[in-house]
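Engineer: Quick one: sequence plus predicted model below, questions after.
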Amino acid sequence: MGGLGVCARCQSSVPAERLEYGATGDLVCASCSAVSLQRSHSQGEGLTRARGMLIAGLALGGMGGASALMAPAGLNFKLLAWIDTAGPAIGWGIRVFMILVGGGLALGGWRLLTKAAKA
Ligand SMILES: [Zn+2]
């Protein structure tokens, strides 16, 4: 009896004879099984993403922080000039937002990188 099976990874229904045991011991379809074989490759992609998160976070948070330091002197980045046009409260809200989001991104990227280094 052929019948359909469900891939444990992508949840798609495939003919039962096309299911195989993947690296995790679950029954997965052929394409998911191929993906799990390339895990070392996707780990490298994850590292690239973590590095990107760290850099983007530092850039965003750093820009927000620098803008906050410049604001009392009435200065701002040309790129960020628009944030004060809606009023100083909005401008400060956006600065704080940039610092928090940038800090969170950088921290997340940093944690992923240090976790990968320990593994
Ligand atoms: Zn699958």
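Structural biologist: Yep, it's here.
Engineer: Can you list the low-confidence ranges for the protein?
Structural biologist: Filtered on pLDDT under 70, the chain yields the residue ranges 1-2, 36-43, 119.
Engineer: at 90 instead, please
Structural biologist: 1-5, 8-10, 12, 14, 16-27, 30-49, 71-88, 112-113, 115-119 (pLDDT under 90).
Engineer: Name the residues of it found near the ion, please.
Structural biologist: Cys7, Arg9, Cys10, Cys29, Cys32 (CB under 5 Å from the ion). Yep, even glycine has a C-beta here, placed from its N, CA and C like the rest.
Engineer: how deep is the fourth one tucked in, by neighbour count?
Structural biologist: With neighbours defined by other CB atoms under 10 Å, the count for Cys29 comes to 23.
Engineer: Not counting residues beside it along the chain, what's closest to it?
Structural biologist: On the basis of CB to CB, 6 or more residues apart in numbering, the spatially nearest residue to Cys29 that is not a chain neighbour turns out to be Cys7, at 4.0 Å.
Engineer: likewise the third one?
Structural biologist: Once flanking residues are discounted, Cys10 sits nearest to Cys32: 5.5 Å by CB to CB, 6+ apart.
Engineer: The one you found: neighbour count?
Structural biologist: Close neighbours of Cys32, defined as other CB under 10 Å, add up to 23.
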